[in-house]
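> With the sequence up front, the predicted model follows.
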Amino acid sequence: MRGVAEKEGQVRPRRPSRFVLKKIDMFRVDTVRGKIYRGNKEISLRGKRRIVSFRDEDGMQINIYRYHVIWYKRTGQWPCLELHHLDEQTWNDAFVNLKGVTHSRNCFLSKRSRLPIGIVARGKRFRARYSRDGRCVHVGFYETVKRAVAERRKAMS
C-alpha cells in the first residue's frame with residue numbers, strides 16, 4: 001500500500017514527499033470538526049476510506065487518509081504511529097477523536113476484538129467454535145456471550 005512504510009517490524013504511515021506536503025498545506029482544515037476544504041468547498045468522501053486525493057508532479061494519483069492530513073495540520077508532524085478513533089466512529093476525524101497508537105494496540109482497541117476467543121457475533125446471536133486437530137469445530141449459536149462461552153468450554157472438555 002502506498003503511503004505506508006515498514007520499520008522495525010511495524011507498519012506505520014510513511015512521511016510524504018515535500019511536493020505532497022506543499023499540496024496538503026494548500027488545504028484549509030477544521031481540526032475541531034474534522035473537515036478538509038479545498039477553497040470554500042468541503043472535500044467529499046470516497047466510500048468508507050475517507051481519502052484526500054490529488055496528482056503528484058509525475059502525474060501519479062496520491063491518496064492520503066483524511067485523518068492523517070488533520071493530524072499533520074494540527075501538530076505540524078506527520079503521524080509516526082497508527083491513528084485510532086477514540087469513539088470508534090471512523091467518519092469522525094476531529095483531532096480530539098484521534099490518538100496515535102501502535103498497530104497491536106489499534107487492533108486491541110477495535111470493536112472486533114472485544115469478544116472472547118472463539119466467539120463471533122452474527123447478527124443478534126453469537127457463534128461459538130474452537131479448533132481441534134487443525135479443524136474448526138462449530139459448537140452452535142447462542143443468544144448471549146456468556147452462554148456461548150459456557151457451551152464452548154463444555155464442548156472443548
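Arrived safely, thanks for sending.
> where does the chain dip in pLDDT?
Scanning the chain with the threshold set as pLDDT under 70 gives 1-13, 44-49, 111-113.
> care to break it down by domain?
Domain ranges of the chain: 4-111, 115-156, per automatic domain parsing.
> Which of the three states applies to the residue sitting nearest the centre point of the chain?
With the centre of the chain defined as its mean C-alpha position, the nearest residue by Cα atoms, centre = their mean is H84, 6.4 Å away. H84 falls in the strand class when you classify it by DSSP: H, G, I helix; E, B strand; the rest coil.
> One more: the one 5 residues further on?
The three-state assignment at Q89 reads coil, by three-state DSSP.
> nearest residue to it other than its sequence neighbours?
N97 (7.5 Å; Cβ to Cβ, 6 or more residues apart in numbering). Placement of C-beta: from N, CA and C, glycine included.
> For the one you found, give me phi and psi.
Note on N97: backbone dihedrals following degrees, to the nearest 10 are phi -90, psi 0.
> That one touches G34, doesn't it?
Yes: using Cβ atoms under 8 Å, N97 is in contact with G34, at 7.0 Å.
> what about the residue nearest to Q89, how many neighbours?
When counting by other Cβ atoms under 10 Å, one arrives at 18 neighbours for N97.
> Also V29?
For V29, the number of neighbouring residues by other Cβ under 10 Å comes to 22.
> now do F19
Based on other Cβ under 10 Å, the number of other residues close to F19 is 12.
> now do R105
Neighbour count of R105, defined by other Cβ under 10 Å: 14.
> Now it. Nearest residue, chain neighbours left out?
If you skip the residues right next to it in sequence, R105 has H84 as its closest partner in space, 7.4 Å away by Cβ to Cβ, 6+ apart.
> Is that neighbour bridged to anything, and to what?
With DSSP bridges applied, the residues forming beta bridges to H84 are K99.
> In contact with it, which residues?
By Cβ atoms under 8 Å, 6 or more residues apart in numbering, the contact set of H84 is L98, K99, G100, V101, R105, N106, L109.
> Hmm, the second one is touching L86, no?
Yes: with contact defined as Cβ under 8 Å, K99 and L86 form a contacting pair (5.7 Å).
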